[in-house]
Structure formats: structure tokens, C-alpha cells
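K.L.:
pasting the structure only:
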């Protein structure tokens, strides 16, 4: 009886997430709608904003990738925000021939503050594209984003791993981001919902920033700001034909990043879920997607609970659990197809059991990161080779 109650509870915790993933996966599998070029009378001035905190080691490769896009566009420029840097990030950016804004405010740290500083300083821009300082952009990135700007409030493109075959962990991360950063936003877009902001490769218009200032200050400021956009009735449009690829940390840095990100989500759930639920019940039905997204457990926890239900539950619980695991398998299969996975990606999936154990060991660190007083700390990354 006790074991069956435990299994039933584990399954119940996962059912909303399983249903949500099933809906998004089914929608993502629909044929995508291409963005038709739109002729506009007024030229659009674009600033590619690169927030950087002690990023001098890998920044040059990012700027080289961006320069290949911007140099052919007279209405676009790159601006690096050197935020509270103690290294030569600003010097590296200037030597690469791009504009630099230096910000020194140790009492207000984090990406949200850096972005707001850049948005305020570049008053002549019609649109901002945010690209992290450890990122390569796909050829044609700028033109794809520009085509999507007319009549849009905000944009988000695909976001994957910079060197996905450099290690098994990086390859597995590429699969995971294929689900999180491709299947889910593509599914939302197919349903007419806001695609979401993924923290890298997103764009905001000046009008959007005037209507919803970038006041997000949590550890996961991108998720927080997207919620503010949806609450204001604005929508992020999905750009499926281009991508950015960022570095993924390893070792102790990976522990720090995952704990910080998932702890930040837990903190945001505690702070905003009750308020958003009340607003939705009062008729703001557009909040249902960000509510479900916020309440979705990390997939490692989700899978662990499903396996618990499968092992301990009654036959009815086991049938429902198998259906939920099937929905998750469909989600992963779609991710593999949409990132054009190869044999290395398939081999990397063999590391999932070890990855689940690793994630469960992070629960104490995740809980600490969920504390209201938890400070933003830059995730250390390995040295990045310069692009040739």
C-alpha cells in the first residue's frame, strides 16, 4: 500500500509535464511555416549586443563570427558590454574593432543589469540582438533575424552547443538543447504561442523594451523577462532557419551552472507561480503556457519519478507510466531529428543513466541556489580556440 501510494504520487507529479511535452512535441512535428520577406519603408538599425563578464579568452572567436555577418550590413553594428570585468575583455573587444561599453557596479551584478545598461546606452537602435560572449552564429544569421523583424515584438532562434562533438557530455548536451531549445519553442510557435526566450540568440525591438523594460533581475533573467512579455500580451516569434551555438561548461563549472539554473527556476516558481495562477484564473489564459513551462520539472527529476512509478506502482500506474515514458521518447526522437543528429549523438545517449545520477547528486546545490539571497556568479568555461 505504501509503495503504491509512493508510485502514484510520483506519477501524479509528472503528468502535467508529460502532457505538456506531448502537446509541444506533436505541434513541433507539423510542417514549419517559413517567414516571407517583408518590404518596409524605414530601414531597421540593429545593435548586436554582447554582454561579457571576464570573457577575454573566448570573446575574439565570437566577435569574428559576428563580424562576418555585420560587416556586410551598414545598418548593423556590434556593441560589447564589458560588465564588472577584472580582465582585458574591453581591450580585446576594442582591438577587434567593435564598440565597447564598460560598466562598473559591483553591487548590481548579473546579465540582466548588463543588458539593461546596453539597451539604455544604444538609444539609436531600432532592434537589439543579444548574443552571448562564447557563441558562434550560423552563416546568414543576421539576414534571417532581419527578415523576421517586421511586425514582430521579439525573436528567438535555435540555440545549441558550440562544439557538440568535443566530448560525450557536450554531445549529450546538444541532444538536451535540441529538446529544450528547438522542439519546445517550435511547438509553441506552431500553436500560436510565444516561443520563449532562451538567453542567447534572441532579439527585442525598441518598442517592446519601451513597453516592457528589461527589469528581470533573477538568476534566470531570460525566463523571467519572457513571463513579463506574455503578461503584457506580447509574443516572441520563432526563427527556425538560423541558430547560435554556445560553449557548455564541464566539470565543476557544469555543476555550478546546472545548480544555478535549476535553483533559479525553483526560486521563480516560489515567487511568481501563485500570482500567475491567480491571473490565469481571472481570465488571462495566455499565461497557461509560461505557467506549464515554469512548473515543468527538470527532465532528470521527471524521468527518475517515472522510473520510480514504473518499479513500485500497480498495473494501472505502470500503464500510465509507460505512456509517459513513450511521450518523453518521442520528444527526444524529435530533438535528434531536428538537430540532424549523427552516430555520436546516439552513442551519447548511453550516458543518460550516469547523467541522471549526476543530476540527482546536484539536488543540495540546486536547493542552495534557490535561496532568495543567492548571488549571480559567472560560470567558468574552458579556453576557447580562436576561429581562423
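P.N.:
Received the coordinates, thanks. Nothing here was measured: the structure is a model prediction, and the numbers come from that model.
K.L.:
residues in contact with stretch 103-113?
P.N.:
Here stretch 103-113 makes contact (Cβ atoms under 8 Å, 6 or more residues apart in numbering) with 51, 53, 81-84, 114, 117, 199, 214-219, 221, 225, 375-376. Any C-beta I mention is one placed from the backbone N, CA and C, and that applies to glycine too.
K.L.:
drop anything exposed from these.
P.N.:
Among the contacts of stretch 103-113, those classed as buried by 16 or more other Cβ atoms under 10 Å are 51, 53, 81-84, 114, 117, 199, 214, 216-219, 221, 225, 376.
K.L.:
so which of those residues are in helices?
P.N.:
In helices, defined here by DSSP state H, the members of those are 114, 117, 221, 225.
K.L.:
nearest to residue 205 among those?
P.N.:
residue 225 (13.7 Å; Cβ to Cβ).
K.L.:
my read: that closest one touches residue 214, true?
P.N.:
Yes: between residue 225 and residue 214 there is a contact at 6.2 Å, judged by Cβ atoms under 8 Å.
K.L.:
just the helices in the stretch 151-300 of the chain please.
P.N.:
Counting by DSSP state H, counting those that start in this stretch, the segments of the stretch 151-300 of the chain that form helices are 168-178, 184-190, 206-211, 221-231, 252-281, 288-295, 299-312.
K.L.:
can you flag the weakest of those by average pLDDT?
P.N.:
Of all the helices of the stretch 151-300 of the chain, mean pLDDT reaches its minimum on helix 252-281 (a mean of 74).
K.L.:
name the helices or strands packed onto that helix?
P.N.:
helix 221-231, helix 288-295, helix 363-369 (3 or more Cβ pairs under 8 Å, 6 or more residues apart in numbering; DSSP states H and E).
K.L.:
from the chain's centroid, how far away is the first one?
P.N.:
Taking the mean C-alpha point of helix 221-231 and that of its whole chain, the gap between them comes to 12 Å (Cα atoms, centre = their mean, to the nearest Å).
K.L.:
tell me what angle it forms with helix 288-295.
P.N.:
With axes from the mean of the first three to the mean of the last three Cα atoms, to 10 degrees applied, the angle from helix 221-231 to helix 288-295 works out at 160 degrees.
K.L.:
and helix 221-231, what does it pack onto?
P.N.:
helix 111-121, helix 252-281, helix 288-295.
K.L.:
pick the most buried one from the ones you listed.
P.N.:
helix 111-121 (a mean of 21; mean count of other Cβ atoms under 10 Å).
K.L.:
ok, then the element right after that one?
P.N.:
Downstream of helix 111-121, the next assigned helix or strand under DSSP states H and E is strand 127-130.
K.L.:
run through who's touching that next one.
P.N.:
Contacts for strand 127-130 (Cβ under 8 Å, 6+ apart): 44-51, 115, 118-119, 122, 142, 145, 149, 155, 200-206, 209.
K.L.:
direction included, what does it pair up with?
P.N.:
strand 46-52 (parallel), strand 202-205 (antiparallel) (DSSP bridges).
K.L.:
pull out the buried positions in it.
P.N.:
Residues 127-130 are the ones in strand 127-130 that count as buried (16+ other Cβ under 10 Å).
K.L.:
now the strands paired with strand 127-130 as TSV including mean pLDDT?
P.N.:
Shown next, in TSV, are the strands paired with strand 127-130 (pLDDT from 0 to 100):
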stretch	mean pLDDT
strand 46-52	97
strand 202-205	98
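K.L.:
got JSON lines for those, with distance to residue 292 too?
P.N.:
Below are the strands paired with strand 127-130 laid out as JSON lines (distance: least, Cβ to Cβ, whole Å):
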{"stretch": "strand 46-52", "distance to residue 292": "29"}
{"stretch": "strand 202-205", "distance to residue 292": "20"}
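K.L.:
tell me which of these lies nearest to residue 73.
P.N.:
Checking these against residue 73 by Cβ to Cβ gives strand 46-52 as the closest, at 7.4 Å.
K.L.:
helices and strands of the chain: which one bottoms out on pLDDT?
P.N.:
helix 252-281 (a mean of 74; mean pLDDT, DSSP states H and E).
K.L.:
point out where this structure drops to low pLDDT.
P.N.:
Along the chain, the parts satisfying pLDDT under 70 run over 33-42, 250-257, 261, 370-388.
K.L.:
max-length strand in it?
P.N.:
In the chain, taking DSSP state E as the definition, the longest strand is strand 236-246.
K.L.:
and that strand with helix 221-231, angle?
P.N.:
Using the same axes, to 10 degrees, strand 236-246 lies at 170 degrees relative to helix 221-231.
K.L.:
tell me what strand 236-246 is packed against?
P.N.:
Using 3+ Cβ pairs under 8 Å, 6+ apart, strand 236-246 is in contact with strand 135-137, helix 141-148, strand 154-161, helix 184-190.
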